[in-house]
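Colleague: have a look at this fold, sequence not included:
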C-alpha cells in the first residue's frame, strides 16, 4: 500500500466471509433475537426519530439508563461503537509509541491490533498446557514488566476461562497500573463483578450489548469507571460515533434487562450440555463460563461441519471455538461430530 | 487525567449542549427529514433485521450501491462511521508520530484533532483578509513543506469556499503527496467532482450521508479511491463499525438519491436568499457553496438569536456560522437580526 506509513508496512487488509445460510456458530453471537417486547418498544420509538439530526454526542439518555442499571452515576459511564471503540480509545489514551500493554495470550485478538495502531506492543503471558492462565503469574509479570497497563478478559475470549472476583481484586490491588477489564461475556458467568471498577482508581470495566443482550447489529458497548477515566476515554473517542437508533434501542434493552433471563439461562444450560457431550465424545475441551467453547479436534471434523453448513471459528488447525446456538443447532453440531467419529 | 499519556496531557474533554427546542442552525444539518419514500422503504426493511447478528463487516451491499451510484467498482469504496472515521483512519495510516499534514485554516476542526491523535501536526495555510484561500499558495506550500499529505475541504467548512474542479486538479497534479479531498458539502455546490479521485493515484475523496442526504443520525460516510488506498483505510478502521440499520438505510437513500433533488434545490435557493439578505443588512458574509454561511457580526446579534431560541455556531466572538433551515426558520433568523439592528 503506497501511502501506508512505514511502521505499518506489515498491515494486511482483512475481509470477512459473508455467511447467509446455515448454522452460524462462529461469532459468539446469541442465537436468539432480543425479547419481543424490546423489539416492539423499539419499533414504536423509531417512529419519532429525527433522521436529519446528529445523535446526542454525550449519549445522555443511554448513559443514564446504564448508570441506573448498575447503580452508578451517569458520569461513570460512556458509550462507544462496541466495547471495541472504548478499548481502542483507552489504548490510544494510555500508550505512547513504543510502550507496552500486558495481557494473556490467546485473548481477544483486537488487543494486539489496538496496541499496534498505537505503535505500541502487546506483551503476552501464556497459559499452561491446559490453556489455564494464572493470575499470580500475571501479578509477578506486572511487577517486573515496564508495561503501562494490563488488559484482562473474563471470561476470556477465546479460551472461556473465568477469573473469580477474588482473583481480579488481587490483580488490581497488586498494582497502580491501569487495569482494563473486558467483561463482554460476564453475564454468562457465575458472578457479574462489573461494579468493582467503581472501587478502585485503576480499573475500567468494558461491557457490550453484543453478547448477552443479543444486539451486535447496533454496535454499542460501554465503559464503567471513575469520572477521571471516563473523561479520558471521552477525550479520545470520536464524537457522535453511536447512532441515534443504536442509542434508543440499547436504552430500551438495558431498561428491560430482566426480560433476557430466560434466553441467558437457556444459553448457559446448553453450554454446559454441549461441553459435557463434547467431553464424553473424547474431544479436548476447556472449562468455560462464556457462550462459547474452546476445543481441540482433528481438522476432519471441521471439514465435516463445513460440509453441513455449520460454521465455527477456526484459529489454527486443531483449535476451534464453536459458540452456543439454539438447542436444535447444538444438536445438529453434536450429531455431525458424532457421525464423523 | 491520571492515566492519560504525557503527549496527550493537553487534551480536554468536550461535552455538547443538548438542544431540544427552538431553531437549530448550528450543526450544518438538513432542516428536512429524508424523502418519505426512503423512510417507508426503511421501515419495511428493518422488519427483517437480525438484531442478534453482527453487521456485514465489509458492507458489501452498501459499497455496491455507492459504487453503482458513482459508476465505479465496489473495491473503490469503503464505508465508515461518518466520513470522520475514514478521515481519521487515513490520518492514522499515513502519519507517523512527529509528521505533518497540510491544510487550510479555518477548516473542519477535526483535522487538527485527528492529527493530534496520531502525535502528528496539522500545518496551516491561512486565507487572505476576506478569508479566501489560494490553491496556488497551497501548491507553493506543498513544495517547501515536509508534510506527508494534504487535506482540502470543498466547499470548505466553515468558510463555505468552493474550489473548482480545475483548482483541485491543479493541486493534485502538482504533487505526489496524498491529497485527502473532503467533499461533505459538494452536493450543495455547482459541480460534484467526486469521481476525479479515480483518475489519480494520490487522491481519496470523502463523502457523507449526513449533509445533503439528511441522515446524520445514521453516522455513515464513505471514501472513494483506487483499491490500494481503499485497502489502506480498511486495514486501519475498526471492523464492524457501521451498524446493520445504518447500512440498510444508507443503501436505500443512495439508491433513491434523485428523490432528494427538491430538498437540495430548496436549500440552495434559500442559502442564496439568506446570503443576499444578510449582505444587504450590512453584515460581512463570505461567498459560500455549502448549506451554511460564514459571517461576522457583533455578539449582540448572537445574544438576540439565543434569546429567541435560534442556535447558530459561534467560533469566537464576532465569527459565526448559521446553516440553512426551512424557509420559515430562515425568515425568523433574518427577522431577529433585522429587529436587533
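Modeller: Thanks, I have the structure now. Only a predicted model underlies this, so the values are computations on that prediction, with no experimental measurement involved.

Colleague: residue A:146: how many residues sit nearby?
Modeller: Residues lying near residue A:146 (other Cβ atoms under 10 Å in any protein chain shown) number 8. The way it works is simple: take the backbone N, C-alpha and C, and place the C-beta from them, glycine included.

Colleague: tell me if it really is in a helix.
Modeller: No. Counting by DSSP: H, G, I helix; E, B strand; the rest coil, residue A:146 is not part of a helix but coil.

Colleague: can you tell me how far it is from chain B?
Modeller: To chain B, residue A:146 is 14 Å away according to Cβ to the nearest Cβ, to the nearest Å.

Colleague: identify the bridge partners of the closest residue to that residue other than its chain neighbours.
Modeller: If you skip the residues right next to it in sequence, residue A:146 has residue A:100 as its closest partner in space, 6.6 Å away by Cβ to Cβ, 6 or more residues apart in numbering or on different chains. Partner residues in beta bridges with residue A:100, using DSSP bridges, are residue A:121.

Colleague: what about the strands in chain A?
Modeller: For chain A, applying DSSP state E gives strands covering A:23-25, A:77-80, A:100-105, A:121-126, A:149-153, A:178-182, A:203-208, A:221-224, A:284-285, A:295-296, A:310-316, A:319-321.

Colleague: neighbouring strands for the first one, and are they parallel or not?
Modeller: Spelled out, it's strand A:23-25. Strand A:23-25 has the following strand partners under DSSP bridges: strand A:310-316 (parallel).

Colleague: could you check the pLDDT of the closest residue to residue A:120 other than its chain neighbours?
Modeller: Spatially, and ignoring its direct neighbours in sequence, residue A:120 is nearest to residue A:95 (4.0 Å; Cβ to Cβ, 6+ apart). Per-residue confidence (pLDDT) for residue A:95: 97.

Colleague: thought residue B:5 was touching residue A:95, still the case?
Modeller: Yes. Counting by Cβ atoms under 8 Å, residue A:95 sits close enough to residue B:5 to count as a contact (6.5 Å).

Colleague: out of these two, which sits in the more crowded spot?
Modeller: With other Cβ under 10 Å as the criterion, residue A:95 and residue B:5 differ in neighbour count, and residue A:95 comes out ahead with 23 against 20.

Colleague: what about the more buried one, distance to residue A:143?
Modeller: Between residue A:95 and residue A:143 the distance is 20 Å, computed by Cβ to Cβ, to the nearest Å.

Colleague: with residue A:28 instead?
Modeller: In this structure, residue A:28 and residue A:143 are 33 Å apart, going by Cβ to Cβ.

Colleague: please identify which of the two sits among more neighbours.
Modeller: Comparing residue A:28 with residue A:143 by other Cβ under 10 Å, the one with more neighbours is residue A:28, at 22 against 9.

Colleague: pLDDT weak spots in the stretch 51-200 of chain A?
Modeller: Scanning the stretch 51-200 of chain A with the threshold set as pLDDT under 70 gives no residue ranges.

Colleague: domain parsing for chain A?
Modeller: Each domain of chain A is listed here as a residue range: A:6-33+A:260-340, A:36-258, per automatic domain parsing.

Colleague: reformat these as a markdown table; add distance to residue B:337.
Modeller: What follows is the domains of chain A, written out as a markdown table (distance: least, Cβ to Cβ, whole Å):
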| stretch | distance to residue B:337 |
| --- | --- |
| domain A:6-33+A:260-340 | 50 |
| domain A:36-258 | 24 |
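
Colleague: and those domains: which comes nearest residue B:88?
Modeller: When these are ranked by proximity to residue B:88, the top entry is domain A:36-258, at 6.6 Å, counting by Cβ to Cβ.

Colleague: next one: the closest one to chain centre, how far?
Modeller: Between the mean C-alpha point of domain A:36-258 and the mean C-alpha point of its chain there is a distance of 8 Å (Cα atoms, centre = their mean, to the nearest Å).

Colleague: can you check stretch A:298-314 too?
Modeller: When C-alpha coordinates are averaged (Cα atoms, centre = their mean), stretch A:298-314 and its chain have centres 24 Å apart.

Colleague: what residues of it count as buried?
Modeller: Within stretch A:298-314, the residues that count as buried by 16 or more other Cβ atoms under 10 Å in any protein chain shown are A:301-302, A:305, A:308, A:310-313.
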